[in-house]
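Asker: with the input below, show me the fold.
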Amino acid sequence: MHLTINDILDVAIKSEESSYKFYSEMAGKAKLVETEKILKRLAQDEKDHLDYLLWLKSGEPINEEVYFDGFEEAGELNPDMTPEEVLTIATQREDAAAKMYNQMADIFKAQQDKKFIFERMAREEEHHRAAVAKLMEEL
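Answerer: Coordinates of the predicted model:
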């Protein structure tokens with residue numbers, strides 16, 4: 001499989017766009033103010049990631065298998081979802097994103113600048129997951 005950094009970044013960009021849309025839509029449907037507030041913060045974090053990835057885009061070729069599954073497996077939005085159901089899906093999405101970014105960091109282990117970027121993105125997704133898990137505990 002021959003992929004470019006742009007190919008990988010395109011998938012990451014789609015992931016961030018999807019997560020931004022997911023969190024924004026769910027924030028608008030949240031019944032609890034605290035749920036809405038956290039979902040809005042997560043949406044803004046995803047928007048920040050999206051902006052950063054768009055800036056990072058280049059065309060350097062690589063030859064690696066890349067993990068991109070997990071987002072669809074997390075589930076679809078449903079207006080009748082409870083906050084617990086929304087947060088369960090959010091947790092799964094954050095796990096999938098962290099896994100994807102960790103794999104990207106491994107792919108670029110010889111290029112410390114790019115490795116650092118993807119490691120940072122993975123850590124941010126892991127922090128998002130922790131924030132969602134904390135909110136679930138509070139419900």
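
Asker: tell me the spacing between the most centrally placed residue in the chain and D80.
Answerer: In the chain, the C-alpha nearest the mean C-alpha coordinate belongs to A97, at 4.2 Å (Cα atoms, centre = their mean). Distance, A97 to D80, using Cβ to Cβ, to the nearest Å: 25 Å. Where C-beta positions appear, they are placed from N, C-alpha and C, glycine not excepted.

Asker: so which bits of stretch 99-114 are buried?
Answerer: Burial within stretch 99-114, assessed by neighbour count using 16 or more other Cβ atoms under 10 Å, is assigned to K99, M100, Y101, N102, Q103, M104, A105, I107, F108, K114.

Asker: list the buried ones in the host helix or strand of N6?
Answerer: With the criterion set as DSSP states H and E, the secondary-structure element containing N6 is helix 5-29. When burial is assessed from 16+ other Cβ under 10 Å, helix 5-29 yields the following buried residues: 5, 8-9, 11-13, 15-16, 18-20, 22-24, 26-27, 29.

Asker: who are the packing partners of the longest helix along the chain?
Answerer: Longest helix in the chain by number of residues, with DSSP state H as the criterion: helix 112-138. Contacting helix 112-138 under the criterion 3 or more Cβ pairs under 8 Å, 6 or more residues apart in numbering; DSSP states H and E are the following elements: helix 33-56, helix 83-107.

Asker: 6 Å - rerun?
Answerer: When contacts are defined as 3 or more Cβ pairs under 6 Å, 6 or more residues apart in numbering; DSSP states H and E, helix 112-138 sits against helix 83-107.

Asker: now do the helix it packs on: distance to the chain's middle.
Answerer: The gap between where helix 83-107 is centred and where its chain is centred comes out at 6 Å by Cα atoms, centre = their mean, to the nearest Å.

Asker: now swap in stretch 19-37 and tell me
Answerer: Worked out by Cα atoms, centre = their mean, stretch 19-37 lies 15 Å from the chain centre.
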